[in-house]
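Engineer: Coordinates only, no sequence provided:
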């Protein structure tokens, strides 16, 4: 499977499913997050590595909490935080970690436990 397919299809669909499960399991927290990000156009950058080398760069274009577009070949980030203004974090993650994560069915039922399990695979950096 190509890296573009993994990110643009598998990861985005996985994210959509996890958010749906989160909404069902934690409606009050979801409502707060949805309200915080509603009406905001955010971008989240993802840098994917393979064996430590950069394999691809992606930008998830968000409308509220929903991904509306995935741009391949570009790393751009701008989160409009209600208190901090615009911050520019991006994530670096190994391809194999994404492949494992999107197949993890436990993620949908035990979201917080699963997030903790995958945190060591994420490196968060900030753009200038």
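Structural biologist: Good, I have the coordinates. Everything numeric here is computed off the predicted structure, so don't read it as measured data.

Engineer: dump the residue contacts of residue 80.
Structural biologist: Listed by Cβ atoms under 8 Å, 6 or more residues apart in numbering, the contact partners of residue 80 are 40-42, 86. Quick note: C-beta positions are derived from backbone N, CA and C, even for glycine.

Engineer: Which member of those residues is positioned nearest residue 64?
Structural biologist: Comparing the contacts of residue 80 against residue 64 with Cβ to Cβ picks out residue 40 as the nearest, at 6.6 Å.

Engineer: so that closest one touches residue 64, yeah?
Structural biologist: Yes. Residue 40 lies in contact with residue 64 (Cβ atoms under 8 Å); the separation is 6.6 Å.

Engineer: anything in contact with each of the two?
Structural biologist: Listed as contacting both residue 40 and residue 64 by Cβ under 8 Å, 6+ apart is no residue at all.

Engineer: Next one: residue 105 from residue 49, what distance?
Structural biologist: Here residue 105 is placed at a distance of 25 Å from residue 49 (Cβ to Cβ, to the nearest Å).

Engineer: Settle it for me: which of those two has more neighbours?
Structural biologist: Set residue 105 next to residue 49 and count neighbours by other Cβ atoms under 10 Å: residue 49 wins out with 16 against 9.

Engineer: Distance of that one relative to residue 116?
Structural biologist: Counting by Cβ to Cβ - residue 49 and residue 116 are separated by 21 Å.

Engineer: quick one: low-confidence parts of the chain?
Structural biologist: The model of the chain has no residue with pLDDT under 70.

Engineer: Name the surrounding residues that touch the one helix or strand residue 45 maps to.
Structural biologist: Assigned by DSSP states H and E, residue 45 belongs to strand 41-50. By Cβ under 8 Å, 6+ apart, the list of residues contacting strand 41-50 from outside reads 3, 7, 54-63, 75-80, 88-96, 98, 127.

Engineer: And the lengthiest helix in the chain, what's buried?
Structural biologist: In terms of residue count, the longest helix belonging to the chain (DSSP state H) is helix 12-25. For helix 12-25, burial by neighbour count (16 or more other Cβ atoms under 10 Å) applies to 12, 14, 18-19, 22.
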